[in-house]
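Student: Sequence and predicted model, in that order:
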Amino acid sequence: MTVPLLAVDRLEYRYPGGVVALRDLNLQVQKGRRLAILGANGSGKTTLLLHLNGTFRPTSGEVRIEGQPAGYDRRSLIRWRRRVGLVLQEPDDQLFAATVEQDVSFGPLNLGLSAAETRERVSEALEALRITPLAQRATHTLSFGQKKRVAIAGILAMRPEMLVLDEPTAGLDSHGVTHLLGVLRQLHEAGATLIFSTHDVELAYSWADEVAVFYEGTVRMQGETSAVLGNRELLHRARLRPPLLLEVAQALGMDAESLPRSREALLLLLRERR
Ligand SMILES: Nc1ncnc2c1ncn2[C@@H]1O[C@H](COP(=O)(O)OP(=O)(O)OP(=O)(O)O)[C@@H](O)[C@H]1O
Ligand SMILES: [Mg+2]
């Protein structure tokens with residue numbers, strides 16, 4: 001077994017005021033994988049993700065980066081955040097510059113890149129998210145979906161090796177979701193490790209290599225997507241329903257190896273059966 005890129009070991013987190021949001025939590029993220037953190041509202045997803053780039057420090061337990069315990073001094077945090085980019089659930093919590101271009105430039109400039117290199121990164125990130133026409137707009141005047149794209153572009157411009165996204169598809173229309181998943185696929189093919197949280201089992205099923213199911217502040221099971229999402233008992237406890245695609249395929253008696261992972265794949269199989 002290779003050393004995980006990121007590992008969380010027996011993590012506990014208590015919010016100031018006393019709420020224990022995470023307890024005895026273990027998670028491993030292998031390089032190059034796509035991992036979905038799946039859990040109902042209030043299960044602790046956001047609290048966990050805020051530990052993955054050092055925004056939160058565990059009350060007890062630890063986070064390890066390639067086997068080394070993470071440091072929380074300034075230098076360690078800068079190095080950590082260069083490698084792991086976190087896109088927050090609420091774009092308003094992430095965006096702060098006056099215009100889109102300024103906002104997306106902030107990360108690369110902060111990394112010490114030249115103005116020319118920053119411009120190149122920014123234009124590439126805006127292009128990838130298809131928001132080039134919004135470059136000069138004031139961020140506070142954008143729609144929610146537009147802000148979300150700007151927030152993602154800002155992290156992409158830093159070219160992190162691991163991208164952590166908190167509910168990236170929430171609030172996007174179906175076209176926006178398809179486009180975002182395409183962007184993530186390209187990043188993954190280019191070698192990035194991806195983690196995203198969601199309560200959407202269909203999305204986790206169609207997108208992830210691995211799923212970690214979360215409830216009552218801890219990861220109850222982490223494993224290959226079909227194995228985890230085929231576990232009804234587990235999903236029921238996590239207040240989630242099994243993915244419809246998986247249920248339909250199982251009801252049709254399809255064997256485990258040929259289970260379709262997208263609606264297009266399912267429709268193709270159904271047409272072939274007629
Ligand atoms: N600032 C805070 N102070 C105290 N408790 C908090 C705070 N933020 C979150 N919590 C609590 O921690 C628990 C986990 O919350 P968290 O936001 O991590 O869940 P989540 O899985 O991301 O939920 P959602 O799907 O709604 O985004 C909840 O019980 C929540 O009420
Ligand atoms: Mg959340």
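Tutor: The structure has been received and is ready for your questions. Ligands and ions are numbered 1, 2, ... in the order given.
Student: Am I right that L126 falls within a helix?
Tutor: Yes: assessed with DSSP: H, G, I helix; E, B strand; the rest coil, L126 lies in a helix.
Student: Leaving out chain neighbours, which residue sits closest to it?
Tutor: Nearest residue to L126, sequence neighbours excluded (Cβ to Cβ, 6 or more residues apart in numbering): T132, at 4.6 Å. Glycine gets a C-beta too; all of them are placed from N, C-alpha and C.
Student: Give me the distance between the one you found and R263.
Tutor: 30 Å (Cβ to Cβ, to the nearest Å).
Student: any idea how far the residue nearest to L126 is from A153?
Tutor: Applying Cβ to Cβ to T132 and A153 gives a distance of 10 Å.
Student: and for these two, which residues touch both?
Tutor: Common neighbours of T132 and A153, using Cβ atoms under 8 Å, 6 or more residues apart in numbering, are L126.
Student: okay, those two: which has more neighbours?
Tutor: Remark: of T132 and A153, A153 carries more neighbours, 28 against 15, as counted by other Cβ atoms under 10 Å.
Student: what about the more buried one, which helix or strand?
Tutor: Element membership of A153, judged by DSSP states H and E, is helix 144-156.
Student: Show me what the following helix or strand past that helix packs onto, helices and strands only.
Tutor: Next helix or strand after helix 144-156 toward the C-terminus (DSSP H and E): strand 162-166. Helices and strands touching strand 162-166, by 3 or more Cβ pairs under 8 Å, 6 or more residues apart in numbering; DSSP states H and E, are helix 45-49, strand 84-87, helix 144-156, helix 174-189, strand 193-198.
Student: Check those for me: which has the lowest mean pLDDT.
Tutor: With a mean of 92, helix 174-189 has the lowest mean pLDDT of the helices and strands packed on strand 162-166.
Student: Next, the angle helix 144-156 makes with it.
Tutor: 10 degrees (axes from the mean of the first three to the mean of the last three Cα atoms, to 10 degrees).
Student: Against which helices or strands is helix 174-189 packed?
Tutor: Judged by 3+ Cβ pairs under 8 Å, 6+ apart, helix 174-189 is in contact with helix 144-156, strand 162-166, strand 193-198, helix 201-207.
Student: could you dump those to JSON lines with distance to ligand 1?
Tutor: Formatted as JSON lines, the helices and strands packed on helix 174-189 follow (distance: least, Cβ to the nearest ligand atom, whole Å):
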{"stretch": "helix 144-156", "distance to ligand 1": "14"}
{"stretch": "strand 162-166", "distance to ligand 1": "7"}
{"stretch": "strand 193-198", "distance to ligand 1": "7"}
{"stretch": "helix 201-207", "distance to ligand 1": "13"}
